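>>> let me see the structure of the following:
(chains A and B)
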Amino acid sequence: MSATPTTPVTTAARASSRERLLAAYLLLGILFGLVLTKGELVSWFRIQEALRFQGLYLYEVFAAALAVAAPGFALLTRRRVRSLAGELIVIPPKVLGRGIRYVAGGLIFGTGWALVGACPGPLFALLGAGVGVIAVACVAAMAGTWVYGYLRPRLPH
Amino acid sequence: MIGDLLRQPWPWYVTGPLVGLVAIGLLVIGNKQFGVSSNLRHLCAACVPSDVAYFKYDWRRAGLWNLVFIGGVVIGGFVGGVLLANSHPAAITPQAHASLAALGIHDFAGLVPRELFNWHALLSVRGLVMVVGGGLLIGFGTAYAGGCTSGHGIAGLADLQLPSLVAVLSFFASGALASHFLLPLLVPR
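This is a model prediction of the structure:
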């Protein structure tokens, strides 16, 4: 996916390719924000509908997303494809260990998810959608992450 | 006519595949793993000076791309949630509508219930628990679990990672419990 540079890579060239990559991330972020809002994944009502098992919408979205992402990921890693930035595409495995962090962290996150009706992606999209109070939830989420970082050495993982 | 069309919500078979393509796109662009909650850590590392080891890393090197990505999410949220805002309430099922109405929700317009998410409600104990308490739990829980709905729910599951499945089952279970048993205590009647 990437061509070997024929000219020596100068600092300026590297900087400009870095900027192009950042522009690509920005565009992909804009698309994701659009998908989150137009797909109603930021809708508090949709999240409660799913968590109360009273509608299939969110589960259909998840299933369709995984039906695209899973074969895509497998293809990219098995065919040893290189990214546009030039690196080999690898997906680092997550280590299960005792698994406490995934159960405890998941249970804590899920509770907050139901209360706010938004997970981190939608928090940022709702900010853009002009739901001002969500800024408070975003700052609170930052504070929660900070508290985790502070307590991390004392928490079981 | 075109305006009406653009304002329509997207069905699951458009939304879902696009979410999958975003995760694939990040790998293709720069071998980056899809995951929004890492940004909460990067923001802490960037904005809150401290001696906490968890935040002592080069956040520009590790997370600038992701911060730019969520900057895009904010812009996309403005385009999709303001410029192309759906003028009708989300078409949730009649059962969901009835159960939320029974909780005390009256206004189903917009992306969030206005009666719960406004500055005035934030000053009440219930509003504080919901918005600040909920936000704290989201930030703490996602950092503890090492991912959220995007990192574990999409990227992790798409790579068939067992830890992600454990996390996803955990947050759906507690989310269901909280929506059933905690939310009724917090919605003012």
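>>> helices or strands next to the longest helix along chain A in the packing?
Counting residues, the longest helix in chain A under DSSP state H turns out to be helix A:11-38. For helix A:11-38, the packing partners by 3 or more Cβ pairs under 8 Å, 6 or more residues apart in numbering or on different chains; DSSP states H and E come out as helix A:120-128, helix B:12-30, helix B:59-78. Every C-beta, even on glycine, is put in place using the N, C-alpha and C of the backbone.
>>> quick one, it and helix B:12-30 angle?
If you take axes from the mean of the first three to the mean of the last three Cα atoms, to 10 degrees, helix A:11-38 sits at 170 degrees to helix B:12-30.
>>> which positions in helix A:11-38 come out as buried?
A:21-22, A:24-38 (16 or more other Cβ atoms under 10 Å in any protein chain shown).
>>> give the contact list for the residue nearest the centre of chain B.
Centroid-nearest residue in chain B: residue B:149, 7.6 Å away (criterion: Cα atoms, centre = their mean). Neighbouring residues of residue B:149 by Cβ atoms under 8 Å, 6 or more residues apart in numbering or on different chains: A:113, A:119, A:120, A:121, B:171.
>>> hmm, back to that, out of the helices and strands packed on helix A:11-38, which one sits most buried?
Among these, helix A:120-128 has the highest mean neighbour count (mean count of other Cβ atoms under 10 Å in any protein chain shown), at a mean of 29.
>>> do that one and chain B meet?
Yes: for helix A:120-128, a contact with chain B is found by Cβ under 8 Å from any Cβ of the partner chain, at A:120, A:121, A:123, A:124, A:125, A:126, A:127, A:128.
>>> grab the nearest non-local neighbour of the second one.
The reference is to residue A:121. residue B:36 (4.3 Å; Cβ to Cβ, 6 or more residues apart in numbering or on different chains).
>>> can you give me the angle the longest helix of chain A makes with helix A:120-128?
Going by the same axes, to 10 degrees, helix A:11-38 makes 90 degrees with helix A:120-128.
>>> to the chain's geometric centre, what's the distance from helix A:11-38?
From the chain centre to the centre of helix A:11-38 is a distance of 15 Å (Cα atoms, centre = their mean, to the nearest Å).
>>> pLDDT weak spots in chain B?
B:1 (pLDDT under 70).
>>> so what's residue 114 up against?
Went with chain A since none was named. Counted by Cβ under 8 Å, 6+ apart, residue A:114 has contacts A:47, A:48, A:51, B:134, B:174, B:175, B:176, B:177, B:178, B:179, B:182, B:183.
>>> um, chain B though
Residue B:114 sits next to residue B:107 when contact means Cβ under 8 Å, 6+ apart.
>>> tell me if I am right that it is in a strand.
No: counting by DSSP: H, G, I helix; E, B strand; the rest coil, residue B:114 falls outside a strand, being coil.
>>> look up phi and psi at it.
Dihedral pair for residue B:114: phi -60, psi -30, per degrees, to the nearest 10.
>>> against residue B:112, how distant is residue A:76?
Distance from residue A:76 to residue B:112, counting by Cβ to Cβ, to the nearest Å: 36 Å.
>>> out of everything not next to it in sequence, what's closest to residue A:29?
residue B:72 (2.1 Å).
>>> that neighbour reaches residue A:28, doesn't it?
Yes: here residue B:72 reaches residue A:28: they are 6.6 Å apart, a contact under Cβ atoms under 8 Å.
>>> cheers, nothing more for now.
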